[in-house]
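# output the structure for:
(one chain, ligands or ions: 3)
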Amino acid sequence: MLHSELHRLYHLPFFDLLKQARAVHEKNWPEREVQLCTLLSIKTGGCSEDCGYCAQSSRYSTGIQREDLMEKADVMEKARAAKENGSTRFCMGAAWKGVRQGTPKFDQVLDIVRDVSTLGMEVCVTLGELGGEEARALKEAGVTAYNHNIDTSREHYANIVSTHTFDDRLRTIRHAQEAGMSVCCGGILGLGENKDDRLKMLETLSGFNPQPESVPVNLLMPIKGTPMENNDGVDVFDLVRVIAVARIAMPKTKVRLSAGRYSLSKEAQALCYFAGANSIFYGEKLLTTKNPGANEDMRLLKELGLVAQAPNPAMDAPEADEARPLMPCII
Ligand code: SAM
Ligand code: DTB
Ligand code: SF4
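Numbering: from 1, shown residues only. Ligands and ions are numbered 1, 2, ... in the order given. Below you'll find the predicted structure:
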């Protein structure tokens, strides 16, 4: 969607924007369903990259305990527990710059994916940069979706990371799409960006061909020791507006209310659901930071009359529109 249209939507009177987003949501989604996803950090800390928000970058003293790639049996135990708790998507994250075909660690990840994919949940991984070969191997092993966020606008990206570029991120996303995986790609609010950066991020995401299957909207979890530890918080109405505009610009995308729910009130979360959020990370830990407890989330869903979405592990990736260029935003 064009920047001018996103801008117009964002600046509508609050309730007009909500009404429009709700109408799009109701037309495209079973309105009461929320997908529950569980996150697991399978390799923690010690990352070579300098993403200014991240607890796991080796450039900052954040006090995170480094942990090697988890054993498959331990991952399976967590995955089974997630399924029993009602999660339909299991997302495994690794603090790597990227992965390379033919390396022992990548083989180990493929082995983990093969086993997790037998459990009947959607399997998502986020491992950093991918080439075409790696993307095809992950798809073949049973990955449903690849998470790789653009985080912010192209213009602001260099202010938050210097060790890779916005275009590096887009190339990885393209490789994941070409291999037939769904793409989970979103960003973080609270990185010192302005409203225009947020709209530019939505312009890039909604311009993907195909649009992402899911868009995580994260609020910065300020991490002590990182350059962003003292960043200003994000206004709740700004968050709701971003979700509503994302819903309108990407009607068939799951909008995932991601990091930052821990500090959101029940009422704020309810507004996010109303505006079009239909997926959350479920379970008391994200990768390294806190998330609301599962009981608390269940209670809120119940209070709002919302239900957990059924799993769809055989889900096909969205298809590209052949009349439009693939990845139009890449330079
Ligand atoms: N290394 C891989 C990568 O960068 O894509 C995968 C792991 S990385 C931690 C996954 C995503 O988590 C990041 O792209 C970022 O959007 C989000 N994230 C990391 N730290 C965060 C924080 N402190 N607050 C909010 N979101 C964060
Ligand atoms: C995403 O966009 N958010 C999740 C998931 N994708 C991998 C990660 C949030 C991490 C929050 C900070 C932490 O726990 O370290
Ligand atoms: Fe953190 Fe991923 Fe950046 Fe590494 S590449 S510092 S894990 S966000």
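# what residues of stretch 187-200 count as buried?
By neighbour count on 16 or more other Cβ atoms under 10 Å, the buried set for stretch 187-200 is 187-193, 197-200. Just so you know, the C-beta spots here come from the backbone N, C-alpha and C atoms, and that holds for glycine as well.
# residues making contact with that stretch?
The contact list for stretch 187-200 (Cβ atoms under 8 Å, 6 or more residues apart in numbering) reads 3, 6-7, 10, 52-53, 149-156, 159-160, 201, 205, 216-220, 222, 228, 231-234, 238-239, 242, 245, 259-260.
# the helices in the stretch 151-300 of the chain, which residues?
For the stretch 151-300 of the chain, helices defined by DSSP state H, counting those that start in this stretch occupy the ranges 154-160, 166-178, 195-207, 236-249, 266-275, 294-304.
# JSON lines for these, including mean pLDDT?
Below are the helices of the stretch 151-300 of the chain laid out as JSON lines (pLDDT from 0 to 100):
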{"stretch": "helix 154-160", "mean pLDDT": "98"}
{"stretch": "helix 166-178", "mean pLDDT": "97"}
{"stretch": "helix 195-207", "mean pLDDT": "98"}
{"stretch": "helix 236-249", "mean pLDDT": "98"}
{"stretch": "helix 266-275", "mean pLDDT": "98"}
{"stretch": "helix 294-304", "mean pLDDT": "95"}
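# reformat those as JSON lines; add distance to ligand 1.
Compiled in JSON lines, the helices of the stretch 151-300 of the chain are given as follows (distance: least, Cβ to the nearest ligand atom, whole Å):
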{"stretch": "helix 154-160", "distance to ligand 1": "10"}
{"stretch": "helix 166-178", "distance to ligand 1": "8"}
{"stretch": "helix 195-207", "distance to ligand 1": "11"}
{"stretch": "helix 236-249", "distance to ligand 1": "13"}
{"stretch": "helix 266-275", "distance to ligand 1": "15"}
{"stretch": "helix 294-304", "distance to ligand 1": "18"}
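# and of those helices, who's closest to residue 67?
Nearest to residue 67, of all the helices of the stretch 151-300 of the chain, is helix 294-304, at 22.8 Å by Cβ to Cβ.
# remind me what the helix or strand following the closest one packs against, helices and strands.
Scanning forward in sequence from helix 294-304 by DSSP states H and E, the next helix or strand is strand 307-308. When contacts are defined as 3 or more Cβ pairs under 8 Å, 6 or more residues apart in numbering; DSSP states H and E, strand 307-308 sits against strand 33-43.
# separation between the spatially most central residue of the chain and residue 132?
The centroid of the chain falls nearest to residue 216 when counting by Cα atoms, centre = their mean (3.4 Å). Look at residue 216 and residue 132: by Cβ to Cβ, to the nearest Å, they are 24 Å apart.
# OK, contacts around residue 54?
Applying Cβ under 8 Å, 6+ apart, we find residue 54 in contact with 47, 60, 95, 223, 226.
# 10 Å - rerun?
45, 47, 60, 62, 64, 95, 160-161, 188, 221, 223, 226, 228, 287-288 (Cβ atoms under 10 Å, 6 or more residues apart in numbering).
# out of the helices of the stretch 151-300 of the chain, nearest to residue 327?
The closest of these to residue 327 is helix 166-178. By Cβ to Cβ, the value is 4.8 Å.
# next, the buried residues of the closest one.
Result for helix 166-178 [16+ other Cβ under 10 Å]: buried residues 166, 168-177.
# which of those residues lies closest to residue 84?
residue 176 (28.8 Å).
# so what's the closest one closest to, chain neighbours aside?
Nearest residue to residue 176, sequence neighbours excluded (Cβ to Cβ, 6 or more residues apart in numbering): residue 146, at 3.9 Å.
# I'd assumed that neighbour was in a helix, is it?
No - counting by DSSP: H, G, I helix; E, B strand; the rest coil, residue 146 falls outside a helix, being strand.
# tell me how many other residues crowd it.
Neighbours of residue 146 under the rule other Cβ atoms under 10 Å: 27.
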